[in-house]
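Engineer: Attaching a predicted model along with its sequence, questions to come.
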Amino acid sequence: MTLGLEFPPISHLIVWGTGPGGVNKVAVIYMFAAFMTLLIFVVGGAKQKLVPSGLQNIAEVGVDFVRNQVVMQTMGVDGLRFLPYLTCLFFFIFFSNITEVIPFVQFPANSRMAMPMVFALITWVLYNAVGVVKQGPIHYLKNSTVPPGVPKAILPLVFIIEIVSHFLVKPFSLAVRLFANMLAGHLILVTFGVICASTWALAPSIVITPFSFLMLVAMTGFEVLVGFLQAFIFTILTAVYIGSTLHPEH
Amino acid sequence: MLRFLAETGAGELEAGLTAVGRGIVYGGAAIGPGIGIGLVVGNAIEAMARQPESAGTVRTTMFLGIAFTEALALFGFVLSFIVTG
């Protein structure tokens, strides 16, 4: 029996689990997230009016938010060409996180390792490609692995550490941050939900049952914030990494 | 001690020690980032109180700092699931 508590193995990237045609709950949630993102930007951008209404409002607020809070803060005007990707990324992650608190679904799709890893790999390819194109391969390697002002004696050690940090730890921590936050939030909700239901059914206690119910309500509110914040952090870190290869420190 | 070991069933000791190990892994990994996030947020609040007009920039940078600091705790969280007996 899978309780959802085990660390999902890497093979989940290839094996999609069970269901008709290999479509399981996670896949359905991702389809929902993709559909919602498409809906906002295709329908909201179809008939552009001077005074926006309905979906166009949401699309404009979203683009404005990512432009002012993410791109302009980290990359400047040069980074505006990444605005469409970052906006889509933000909305897609947000919608696949927010299913955590939607009744009867109650599962954040990003608490499976597969898709956060794919997002992180896209980011990895993007910032490396930008670095190679903007600075040239040799310069890019030198700029990203040899910090200025390091004594020659410890340079080999620093070089190895910077290579590991730049090419391995960055994408890995990006994926793990999203995945672990959503998994931890889901586990907290599950824990309080199970305590609440089982004490109610087996032995209602005047202390534990109301306490766990109140914690469940409070944590559900907190998880809305976490879902938004993780989408924001993933987007802004992607922008920071691209920005660091777009404008290298001299 | 030996009598106690003889009385435990096959695999029981391993399961128990695995649970203890998971607790130690996560608990140990949470100490440093806990202090770190406290420092980050504390200093960010101080900066916001000194210069309220720069609160927006400080808040964005604060979230970035939290995200980088928190990563270590999350590695420990994930590692505690990987640890098996």
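Structural biologist: Okay, I see it. From a predicted model like this one, the values you see are computed outputs, not experimental measurements.
Engineer: Need the residues that contact stretch A:235-250.
Structural biologist: Applying Cβ atoms under 8 Å, 6 or more residues apart in numbering or on different chains, the set of residues contacting stretch A:235-250 from outside is A:66, A:69-71, A:73-76, A:78-79, A:82, A:86, A:89-90, A:93, A:123, A:126-128, A:130-131, A:134-135, A:139-140, A:143-144, A:148, A:170, A:174, B:60, B:63-64, B:67. Using the backbone N, CA and C atoms, a C-beta is placed for each residue, glycine as well.
Engineer: SS state for residue A:148?
Structural biologist: coil (DSSP: H, G, I helix; E, B strand; the rest coil).
Engineer: neighbours around it, how many?
Structural biologist: Here the count is done by other Cβ atoms under 10 Å in any protein chain shown, and residue A:148 has 7 residues near it.
Engineer: One more: residue A:109?
Structural biologist: For residue A:109, which is what you asked about, the neighbour count (other Cβ under 10 Å) is 25.
Engineer: Most distant residue from the centre of chain A?
Structural biologist: Distance from the centre of chain A peaks at residue A:203, with 39.9 Å (Cα atoms, centre = their mean).
Engineer: Kindly provide the distance from it to residue B:13.
Structural biologist: For residue A:203, the distance to residue B:13 equals 32 Å [Cβ to Cβ, to the nearest Å].
Engineer: try residue A:101
Structural biologist: To residue B:13, residue A:101 is 40 Å away according to Cβ to Cβ.
Engineer: Neighbour count for these two, which is higher?
Structural biologist: Neighbours around residue A:101 and residue B:13, counted as other Cβ under 10 Å, are more numerous at residue A:101. The numbers are 19 against 13.
Engineer: what sits against residue A:153?
Structural biologist: Residue A:153 is in contact with no residue at all, counting by Cβ under 8 Å, 6+ apart.
Engineer: all helices for chain B, in order.
Structural biologist: Assigned by DSSP state H, chain B shows helices spanning B:2-7, B:12-50, B:55-82.
Engineer: residue contacts, residue A:79?
Structural biologist: A:71, A:72, A:239, A:242, A:243, A:246.
Engineer: same deal with residue A:60?
Structural biologist: The contact partners of residue A:60, taken as Cβ under 8 Å, 6+ apart, are A:44, A:52.
Engineer: Flag the shaky bits of chain B, pLDDT-wise.
Structural biologist: Within chain B, the ranges that satisfy pLDDT under 70 run B:85.
Engineer: now do 90
Structural biologist: Screening chain B residue by residue with the criterion pLDDT under 90, one finds the ranges B:1-19, B:21-22, B:54-61, B:63-64, B:67-85.
Engineer: Can you name the residues of it sitting close to chain A?
Structural biologist: Residues of chain B lying near chain A by Cβ under 8 Å from any Cβ of the partner chain: B:57, B:60, B:63-64, B:67, B:70-71, B:74-75, B:77-78, B:81-82.
Engineer: And for residue A:215, the neighbour number?
Structural biologist: Neighbouring residues of residue A:215 were enumerated by other Cβ under 10 Å; the total is 18.
Engineer: Which residue, neighbours along the chain excluded, lies closest to it?
Structural biologist: Closest residue to residue A:215 in three dimensions, ignoring its sequence neighbours and counting by Cβ to Cβ, 6 or more residues apart in numbering or on different chains: residue A:192, at 4.9 Å.
Engineer: What's the first helix or strand after the helix or strand that neighbour falls within?
Structural biologist: Taking DSSP states H and E as the definition, residue A:192 sits inside helix A:170-202. Under the assignment DSSP H and E, the closest C-terminal helix or strand after helix A:170-202 is helix A:208-246.
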